[in-house]
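Engineer: fold the following for me, if possible:
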Amino acid sequence: MLNIMKITLKGIFRDRVFQGIMALAVLFLFIPSAASLSMRQVTELSITLSLSLISFILLLLAVFLGATSVWKDIERRYTYGVLSLPISRSSYLLGRFLGLALFLVLTSVVLGGAACLAIKASSVIYPSDRPIVWSWLLLALFFGTLKYILLVAVALLLSTVSTSFFLPVFGTICTFLASGITQQVYEYVHSPAAAQTVPAQLKPVVTAVYYLLPNLSGFDLKVNAIYSIAPDFAGLALTAAYFVAYSAILLGGAALLFNRREMK
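Structural biologist: Okay, here's the model as predicted:
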């Protein structure tokens with residue numbers, strides 16, 4: 001499994017994905033100038049732009065690397081040679097996941113360092129009345145990374161049942177878009193205000209979708225980082241436990257489906 005993880009990392013670097021990320025990291029140089037357009041909340045805007053740029057890059061990596069990793073091996077028939085070795089399909093899949101997760105963590109560390117430099121520059125050039133709490137910013141980066149690692153698990157699950165990359169890519173994107181609003185929809189449907197407008201038959205459907213799709217809104221700590229608001233640590237512990245449990249369920253389902261898949 002560790003060898004599969006190393007091979008995954010080597011393959012990503014060989015495809016020059018990391019070089020592309022470093023090229024995108026140049027955009028952090030322009031954040032202080034762009035944030036200065038705010039006039040009043042320069043530091044806050046620089047934090048917003050930095051975290052949004054990191055989220056966008058991690059989203060692209062999670063979708064396209066997670067959705068194409070297994071599919072590309074099967075398409076190129078690399079999987080047949082690997083699975084002929086004394087290694088189970090579950091170990092192969094878990095090694096792929098760990099390799100992709102480690103690459104996301106590495107990317108988050110590099111981009112997070114660039115973001116901190118950009119935010120520091122903005123705060124020095126345009127001092128803010130509100131101090132930056134760097135620990136909240138690091139927490140936002142950490143839980144943001146967990147969110148996209150969870151999305152990688154979704155992509156791997158979809159790739160184990162698909163014969164092309166279209167379902168994993170678009171399925172992962174749709175899951176990301178839907179999971180960001182499930183909490184709001186669930187709360188609205190079960191609120192007193194919706195009692196007269198939402199059909200009673202719709203509530204069980206919304207509830208089922210709410211528990212089926214991953215709830216990614218709990219991983220978003222941008223507001224805490226931007227406005228230096230202390231997060232709810234009990235809630236963060238539950239979010240971390242949710243990440244572990246949901247990832248285990250997704251990977252378990254992916255391993256089960258991949259073990260039953262016929263290789264032709």
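
Engineer: quick one, helices of the stretch 51-200 of the chain?
Structural biologist: 78-83, 89-125, 134-159, 166-179, 182-189 (DSSP state H, counting those that start in this stretch).

Engineer: worst mean pLDDT among those helices?
Structural biologist: For the helices of the stretch 51-200 of the chain, mean pLDDT drops lowest on helix 78-83, to a mean of 60.

Engineer: most tightly packed of the helices of the stretch 51-200 of the chain?
Structural biologist: Compared across those, helix 134-159 shows the largest average neighbour count, a mean of 23 (mean count of other C-beta atoms under 10 Å). Glycine gets a C-beta too; all of them are placed from N, C-alpha and C.

Engineer: tell me what that one is packed against?
Structural biologist: Judged by 3 or more C-beta pairs under 8 Å, 6 or more residues apart in numbering; DSSP states H and E, helix 134-159 is in contact with helix 42-75, helix 89-125, helix 166-179, helix 222-227, helix 233-260.

Engineer: centre of the chain versus the second one, how much separation?
Structural biologist: A distance of 10 Å separates the C-alpha centroid of helix 89-125 from that of its chain, computed with C-alpha atoms, centre = their mean, to the nearest Å.

Engineer: quick one: that helix to helix 42-75, angle?
Structural biologist: 160 degrees (axes from the mean of the first three to the mean of the last three C-alpha atoms, to 10 degrees).

Engineer: returning to that earlier point: could the helices of the stretch 51-200 of the chain go into TSV alongside distance to Leu65?
Structural biologist: Below are the helices of the stretch 51-200 of the chain laid out as TSV (distance: least, C-beta to C-beta, whole Å):
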stretch	distance to Leu65
helix 78-83	15
helix 89-125	6
helix 134-159	7
helix 166-179	11
helix 182-189	24
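
Engineer: in JSON lines: the helices and strands packed on helix 134-159, plus distance to Lys6.
Structural biologist: Listed next are the helices and strands packed on helix 134-159 as JSON lines, based on distance: least, C-beta to C-beta, whole Å:
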{"stretch": "helix 42-75", "distance to Lys6": "14"}
{"stretch": "helix 89-125", "distance to Lys6": "7"}
{"stretch": "helix 166-179", "distance to Lys6": "23"}
{"stretch": "helix 222-227", "distance to Lys6": "33"}
{"stretch": "helix 233-260", "distance to Lys6": "19"}
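
Engineer: for the ones you listed, which one sits closest to Leu157?
Structural biologist: helix 233-260 (4.3 Å; C-beta to C-beta).

Engineer: list the buried ones in that closest one?
Structural biologist: 236, 239, 242-243, 247, 250-251, 254-255, 257-258 (16 or more other C-beta atoms under 10 Å).

Engineer: quick check: mean pLDDT across stretch 192-208?
Structural biologist: 80.

Engineer: for that stretch, measure first residue to last.
Structural biologist: End-to-end distance of stretch 192-208: 20 Å, with C-alpha to C-alpha, to the nearest Å as the criterion.

Engineer: can you list contacts of it?
Structural biologist: 185-186, 188-190 (C-beta atoms under 8 Å, 6 or more residues apart in numbering).

Engineer: nearest to Ala34, of the helices and strands packed on helix 134-159?
Structural biologist: Taking C-beta to C-beta, helix 42-75 is the member of the helices and strands packed on helix 134-159 nearest to Ala34, at 6.2 Å.

Engineer: quick check: angle from the closest one to helix 166-179?
Structural biologist: 150 degrees.

Engineer: centre of the chain to helix 42-75, how far?
Structural biologist: So, by C-alpha atoms, centre = their mean, the centroid of helix 42-75 is 7 Å from its chain's centroid.

Engineer: list the buried residues for that helix?
Structural biologist: In helix 42-75, counting by 16+ other C-beta under 10 Å, buried: 42-51, 53-55, 57-59, 61-74.

Engineer: what about the closest residue to Gln184 other than its chain neighbours, how many neighbours?
Structural biologist: Closest residue to Gln184 apart from its sequence neighbours, by C-beta to C-beta, 6 or more residues apart in numbering: Ser217 at 7.7 Å. Number of residues near Ser217 (other C-beta atoms under 10 Å) recorded here: 14.

Engineer: what of the one 5 residues further on?
Structural biologist: The local packing count at Lys222 equals 18, with neighbours defined by other C-beta under 10 Å.
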